[in-house]
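Chemist: build the 3D model from these lines:
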Amino acid sequence: MPGVYGSAEPLFLLLFALGVEAIYGGSVVIDRWLPRPRRLMAVFIRKFDGALNRSSKSSSLSFLNGSISVILIAIIFGAAGYALSIITRNAPFLWLIEVFFIAFCLDHRAHQVRLRRVRKALALKSLVTARGELYPLVSTLFRLPDLNRLNESQMAVVSVGGMARGFVTGFVAPALWYGLLGLPGLFVQQAVHQGVRFYRQRHLQAPLEHNFSRAFMAFDQVLLVLPDALSALLFICASIFVPGTSLGQAFSRCWRGKRMADAALGGALRLNSSGPSESNWRRELERGNLVVLIAGIMGIGLIAGAVLLRFTI
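Modeler: Below you'll find the predicted structure:
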């Protein structure tokens, strides 16, 4: 086995990376100075956008240019991940570098810390602080003026959606694609998702022609199908252990919702279309947080079980 005493086993590195992210995740001071791969990815996305996203009357040409952009992004960062994995797996102790690259692509602990700040701010009725903490979690779906129009109970509903999306994109998706395809799969997934965030924020701030970004959106949806379904399954299983949640609603809604994880979590909390009432939104937020925490423990347990199985075979 490559590496040092078998330590380059990918799932072992993933567990190690989750531990690293649990230590620093949510720290604003540390995060500001971390060499996150997403920042380099964002630079490439902006460069290709400036070079290929020209104003064109042809929607087909615009879509073709966008497709070329996402393919080039995927090739560049897939190749970078492959080269890095070759280096780190075949030299003593360099697998530690891979651990930190994985950790820098995870946001599980960071999302939990931010959502805790949102809940605390809502409990103190500090809506300005709550909106500021919540906005980074839902910036691809809402503009800041949209959040400013929401009351406490409506912000609680948005927070539940932020919990589900954060779990899918910050934990399950990077962990799954790293587990399946190693660093190349992780880097491709992160680069495509970074492109989606970039274009969705642009569309929210100033609606533009969407044809160029359609390839990014489609590729990202494909990459999130498995993580979304797995997250929904984890939420359904986790709801068994949280009093007051509905296993049946979580199971039935996840098949009807466009985003299975969001629908499963909303079903577990019995959220109706109008959102929680003014009196019980705090309880629903706490229960939602418990469901996500237990689902995370289950996910880490699955990874640990796979590691044990791998070493016993």
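
Chemist: show me the shaky parts of this structure.
Modeler: The model of the chain has pLDDT under 70 over residues 1-8, 26, 28-30, 55-57, 203-209, 272-280, 313.

Chemist: please enumerate the helices of it.
Modeler: Ranges of helices within the chain are 10-24, 28-33, 37-52, 59-89, 95-104, 108-123, 127-138, 144-148, 152-167, 173-205, 214-239, 247-256, 260-268, 281-312, based on DSSP state H.

Chemist: show me what the last one packs onto, helices and strands only.
Modeler: Think helix 281-312. Counting contacts by 3 or more C-beta pairs under 8 Å, 6 or more residues apart in numbering; DSSP states H and E, helix 281-312 packs against helix 10-24, helix 108-123, helix 152-167, helix 173-205, helix 214-239, helix 260-268. Where C-beta positions appear, they are placed from N, C-alpha and C, glycine not excepted.

Chemist: tell me how far residue 71 lies from residue 185.
Modeler: Look at residue 71 and residue 185: by C-beta to C-beta, to the nearest Å, they are 16 Å apart.

Chemist: let me fix that, I meant to ask about residue 87.
Modeler: Going from residue 87 to residue 185 by C-beta to C-beta gives 17 Å.

Chemist: how about residue 210?
Modeler: 27 Å.

Chemist: more crowded one of those two?
Modeler: More crowded of residue 210 and residue 185, by other C-beta atoms under 10 Å: residue 185, with 19 against 16.

Chemist: surely that one touches residue 81?
Modeler: Yes. Using C-beta atoms under 8 Å, residue 185 makes contact with residue 81 at a distance of 7.4 Å.

Chemist: re the thing from before, point out the most buried one among the helices of the chain.
Modeler: helix 260-268 (a mean of 28; mean count of other C-beta atoms under 10 Å).

Chemist: can you list contacts of that helix?
Modeler: By C-beta atoms under 8 Å, 6 or more residues apart in numbering, the surrounding residues in contact with helix 260-268 are 160-161, 163-165, 167-168, 228-229, 231-233, 235-236, 238-239, 242, 245-247, 249-257, 287-288, 291-292.

Chemist: what does stretch 119-136 give?
Modeler: Stretch 119-136 is contacted by residues 114, 117-118, 142, 144, 147-148, 150, 152, 155-156, 158-159, 162, 282, 285-286, 289 when judged by C-beta under 8 Å, 6+ apart.

Chemist: got it, and stretch 103-112?
Modeler: The contact list for stretch 103-112 (C-beta under 8 Å, 6+ apart) reads 17-18, 20-22, 24-26, 31, 34-38, 137, 162-163, 166-167, 169-171, 174-175, 178, 186-187, 190, 289, 292-293, 296.

Chemist: chain center to it, what's the gap?
Modeler: Taking C-alpha atoms, centre = their mean, to the nearest Å, one finds stretch 103-112 lying 8 Å from the centre of the chain it belongs to.

Chemist: swap in stretch 70-85?
Modeler: Put simply, stretch 70-85 sits 20 Å off its chain's centre (C-alpha atoms, centre = their mean).

Chemist: just the C-alpha atoms of that stretch, please, in CSV.
Modeler: What follows is stretch 70-85, C-alpha atoms only, in CSV (Å, rounded to 0.1, in the frame of the first residue of the first chain):
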residue,chain,number,x,y,z
VAL,A,70,-16.7,24.1,-17.3
ILE,A,71,-14.8,21.4,-19.2
LEU,A,72,-11.5,23.3,-19.0
ILE,A,73,-12.1,24.0,-15.3
ALA,A,74,-12.8,20.3,-14.7
ILE,A,75,-9.7,19.1,-16.7
ILE,A,76,-7.3,21.6,-15.0
PHE,A,77,-8.3,20.8,-11.4
GLY,A,78,-8.9,17.1,-12.1
ALA,A,79,-5.3,17.0,-13.4
ALA,A,80,-4.0,19.1,-10.5
GLY,A,81,-5.7,16.7,-8.0
TYR,A,82,-4.3,13.6,-9.8
ALA,A,83,-0.7,15.1,-9.8
LEU,A,84,-1.0,16.0,-6.1
SER,A,85,-2.3,12.6,-5.2
